[in-house]
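>>> sequence first, then the predicted structure, then my questions.
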Amino acid sequence: MQGVLIFLLLTAGLNLCQADVIDLTNDNFDSVVNGDKFAFVEFYAPWCGHCKALAPTYEKLGKAFAKADDVIIAKVDADSDKTLGSRFGVSGFPTIKYFPKGSTSAEEYNGGRELKQLVSFIEGKSGARAIRSVYIEKTAVQDLDSTNFDSVALDKTKDVLVEFYAPWCGHCKNLAPTYHKVGEAFQNEPNCVVAKVDADAEKELGSKYGISGFPTIKFFPKDNKDGEEYSGGRSEQDFIDFLNEKCKSNRVSGGGVSDEAGRIEKFDGFAKDFMANQDKRDAILEEAKSLIDAQENTKMATYYTKVMERVQSKGDAFVIDEIERLKRLIDGDISTAKKDEFSMRRNILEQFKAEAAKEEL
């Protein structure tokens, strides 16, 4: 029996050490937060809305420092363990304290609660380095607060859609899955940002932008950083259609691009004329080249002419072969940026293919 007890104790200790975020209680707090390591501790309550909102970020924080020998990321249910809450003067949730290495005296953490802000603080105080792949993770919907709102929403190079919400709001909870899908659709559109603000916590921001109910959605286009009320529908497609129009993008649900992406109307005409008139191909190619610099998307305009050159050197079959090759690449294990690029190329090739098919008939 004694051997079983020792085994259970050792197993418990092993699990404690292996946890990314360590659960602390009055029984183990002093043995874990003993000055040997830098300790970052969240005092929370299970019923607290702000704590629930912070929880996913805090779990990622634990993963970010999982391999750091001198850093402890921990949490205390201070509603259940009132002794610890009282000991450290916790009067609201969540409260975050940190303990420098070599000390068991708590200091208040008053910084931002985005993952990068938490990581930056801990790295600065402890000298440890976080696992980069965790803390630079790109989120579909960007969390904004008073520390980063202006740098994101008021960035004149970006169109930004912002949901002002409250964690306890039923309508906000219902909208959350849809809004996350919208974020995923535009995750790889660098100048079109989908973001959200906990306006219950960030009351000054809510007041500044006249938020009187939740959720309120505002759009901050590049040319009007005062913000515009979004009054459209709230289905995923409603949001996608709105942002595609405003951002001049061609996104679809899931984050890919539509069949229109990359195409240029004038150059679609060149593609069709080129395939239909073999005796005029040189002239059409030269005319297309002369208009590249006048296009907004010179990269895609150039691609039209590259296709023409390849058709001249390899024959009309190049179009079909290249479409098939790109399809294989798109279905393979490549970056989302490459998928976008290859999808746009395929869209352009389809314009050449359409006319080639007519010629065969």
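Everything's here; your move.
>>> show me where pLDDT drops low in this structure?
1-19, 133-138, 355-361 (pLDDT under 70).
>>> quick one: the strands in it, in order.
22-24, 38-44, 71-77, 95-99, 107-108, 142-144, 159-165, 192-198, 216-220, 228-229 (DSSP state E).
>>> show me the contact partners of the fifth one.
Spelled out, that is strand 107-108. Under the criterion C-beta atoms under 8 Å, 6 or more residues apart in numbering, residues 95-100 lie in contact with strand 107-108. Where C-beta positions appear, they are placed from N, C-alpha and C, glycine not excepted.
>>> I'd like the strands of the chain as a markdown table, with mean neighbour count and distance to Arg132 appended.
Below are those laid out as a markdown table (neighbours: other C-beta atoms under 10 Å; distance: least, C-beta to C-beta, whole Å):
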| stretch | mean neighbour count | distance to Arg132 |
| --- | --- | --- |
| strand 22-24 | 20 | 22 |
| strand 38-44 | 25 | 18 |
| strand 71-77 | 23 | 15 |
| strand 95-99 | 20 | 22 |
| strand 107-108 | 11 | 26 |
| strand 142-144 | 20 | 19 |
| strand 159-165 | 24 | 26 |
| strand 192-198 | 23 | 22 |
| strand 216-220 | 20 | 30 |
| strand 228-229 | 12 | 37 |
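>>> would TSV of the ones you listed with distance to Ala288 be doable?
Listed next are those as TSV, based on distance: least, C-beta to C-beta, whole Å:
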stretch	distance to Ala288
strand 22-24	63
strand 38-44	59
strand 71-77	58
strand 95-99	60
strand 107-108	64
strand 142-144	39
strand 159-165	30
strand 192-198	29
strand 216-220	36
strand 228-229	38
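>>> ok, so of the contacts of strand 107-108, who is nearest Val197?
Ile96 (20.0 Å; C-beta to C-beta).
>>> so the closest one touches Phe40, yeah?
Yes: Ile96 is in contact with Phe40 according to C-beta atoms under 8 Å; the separation is 7.1 Å.
>>> hey, what's in contact with both of these two?
Shared contacts of Ile96 and Phe40, counting by C-beta under 8 Å, 6+ apart, come down to Tyr109.
>>> how far away is the most centrally placed residue in the chain from Ile323?
Nearest to the mean C-alpha position of the chain, by C-alpha atoms, centre = their mean, lies Thr139 at 2.2 Å. Separation of Thr139 from Ile323 (C-beta to C-beta, to the nearest Å) stands at 34 Å.
>>> circling back: right, and the strands of the chain - which one's nearest His180?
strand 192-198 (8.8 Å).
>>> quick one, that closest one and strand 216-220 angle?
140 degrees (axes from the mean of the first three to the mean of the last three C-alpha atoms, to 10 degrees).
>>> return the alpha-carbon coordinates of strand 192-198 using CSV.
Provided in CSV are the C-alpha atoms of strand 192-198 (Å, rounded to 0.1, in the frame of the first residue of the first chain):
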residue,chain,number,x,y,z
CYS,A,192,-8.2,43.7,-44.9
VAL,A,193,-8.4,43.0,-41.2
VAL,A,194,-11.2,41.4,-39.1
ALA,A,195,-11.0,42.4,-35.5
LYS,A,196,-12.9,42.5,-32.2
VAL,A,197,-12.9,44.6,-29.0
ASP,A,198,-14.2,43.5,-25.6
